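*Asks:* model this:
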Amino acid sequence: MTNTGKLFRLRRLSSANDGRHLFVPLDHSVSDGPIAPYDRWHDLLRNLVTGGADALIVHKGRARLVPPSILASCALVVHLSAGTAHAADTNAKVLVGMAEDALRLGADAVSVHVNIGSDTEARQLADLGAVATACEAWGLPLIAMIYPRGPRIIDPKDPALLAHVVNIAADLGADLVKTSVTLPVRRMAEVVANSPIPVLAAGGPIDGSDLIACATELMAAGCAGLAVGRKVFTSSNPASLVARLAAVVHGPHATVPNSAAHQAAHQTDLSRIPTMTTGAR
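*Replies:* Coordinates of the predicted model:
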């Protein structure tokens, strides 16, 4: 049976209705501390939306503080995992919210963080599976933020390892998966080719190379989009940077995301739904 609610919400995660996504995670205030003084918080959100972000990712408490008018053309994702930089194990993540919390807040999707290779991997996998079951019941899209991180990981940028972690996300019920970028970047194509669900590249380059050039290469490799947080909200002009990234993600030269078979199936499902004009919640 087609989960119509999930299909509607998946459409709202791509403002251009092209199956591509530019997400801006803003959940760092739990893990690392404030990302902007509160008197500039709403201005930051408006700049991100004006620039063309498809979705903002925040924790449930912060979601209550986002004026609905700001989200008139942008989706809301509630992040359900937490952990801080002060913990004895910084790779440990615990659930601090549920799918039902996100629905009450008007969220279009939820996200869960899993670190493969960490000491608490088993619990994080169980949490992902439980959230996936709830999301399927409620028709809520699930984004798995899944990374190879921990004492058992030798090369977190290895394409074969990243292909493994994105398949874990798919097998446990995620609809989209966000993960690390391979080195070299062009080998992200191997990760995409092995994933049955759309892959979002996290963060951008770690070697100091140009973010826009890296984003262009990632989209050419077949990624379904980007999830860029810190490099955006620490920018001197977030709106301009987001606009440049959005042009790469949704531009005419962006590669159709994921495998041809998956994309064809995805488009077939969405074709049953009339085009919607997103309105303020």
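*Asks:* going forward, measure contacts between C-alpha atoms and count neighbours the same way
*Replies:* Noted.
*Asks:* which stretches of the stretch 151-281 of the chain form strands?
*Replies:* Using DSSP state E, counting those that start in this stretch, the strands found in the stretch 151-281 of the chain span residues 176-179, 199-202, 225-227.
*Asks:* looking at these, which is closest to residue 141?
*Replies:* strand 176-179 (8.0 Å; CA to CA).
*Asks:* Which secondary structure elements does the closest one sit against?
*Replies:* Strand 176-179 sits against strand 142-148, helix 159-171, strand 199-202, with contacts defined as 3 or more CA pairs under 8 Å, 6 or more residues apart in numbering; DSSP states H and E.
*Asks:* Where does pLDDT dip in the chain?
*Replies:* Residue ranges of the chain with pLDDT under 70: 1, 206-208, 252-281.
*Asks:* Helices of that one, start to end?
*Replies:* Here the chain has its helices, by DSSP state H, at 4-12, 28-31, 41-51, 60-63, 99-104, 121-138, 159-171, 188-193, 211-220, 230-233, 238-250, 260-270.
*Asks:* Tabulate the ones you listed in a markdown table, adding columns for mean neighbour count and distance to residue 177.
*Replies:* Formatted as a markdown table, the helices of the chain follow (neighbours: other CA atoms under 10 Å; distance: least, CA to CA, whole Å):
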| stretch | mean neighbour count | distance to residue 177 |
| --- | --- | --- |
| helix 4-12 | 19 | 13 |
| helix 28-31 | 16 | 19 |
| helix 41-51 | 19 | 22 |
| helix 60-63 | 17 | 20 |
| helix 99-104 | 17 | 17 |
| helix 121-138 | 18 | 12 |
| helix 159-171 | 21 | 6 |
| helix 188-193 | 22 | 10 |
| helix 211-220 | 20 | 15 |
| helix 230-233 | 19 | 19 |
| helix 238-250 | 22 | 16 |
| helix 260-270 | 13 | 14 |
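*Asks:* closest one to residue 83 among those?
*Replies:* Proximity to residue 83 (CA to CA) singles out helix 28-31 among the helices of the chain, at 5.7 Å.
*Asks:* And the closest one, how far out from the chain middle?
*Replies:* Taking CA atoms, centre = their mean, to the nearest Å, one finds helix 28-31 lying 16 Å from the centre of the chain it belongs to.
*Asks:* mind starting the numbering at 52 from now?
*Replies:* Will do, 52 is the new start, and the previous item becomes helix 79-82.
*Asks:* and the gap between residue 217 and residue 100?
*Replies:* Distance, residue 217 to residue 100, by CA to CA, to the nearest Å: 28 Å.
*Asks:* and of the strands of the stretch 202-332 of the chain, who's closest to residue 186?
*Replies:* Across the strands of the stretch 202-332 of the chain, closest to residue 186 is strand 227-230 (CA to CA), at 12.6 Å.
*Asks:* Can you tell me the strand partners of that closest one and which way each runs?
*Replies:* Here strand 227-230 has these sheet partners by DSSP bridges: strand 193-199 (parallel), strand 250-253 (parallel).
*Asks:* right, so of the helices of the chain, which gets closest to residue 139?
*Replies:* Comparing the helices of the chain under CA to CA, the one sitting nearest is helix 79-82, at 13.0 Å.
*Asks:* circling back to that earlier point, let me have the helices of the chain in TSV, adding distance to residue 203 as columns.
*Replies:* Formatted as TSV, the helices of the chain follow (distance: least, CA to CA, whole Å):
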stretch	distance to residue 203
helix 55-63	34
helix 79-82	22
helix 92-102	37
helix 111-114	32
helix 150-155	31
helix 172-189	11
helix 210-222	12
helix 239-244	20
helix 262-271	27
helix 281-284	26
helix 289-301	33
helix 311-321	32
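*Asks:* that older thread, possible to save the strands of the stretch 202-332 of the chain as CSV with distance to residue 238?
*Replies:* Below are those laid out as CSV (distance: least, CA to CA, whole Å):
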stretch, distance to residue 238
strand 227-230, 13
strand 250-253, 12
strand 276-278, 16
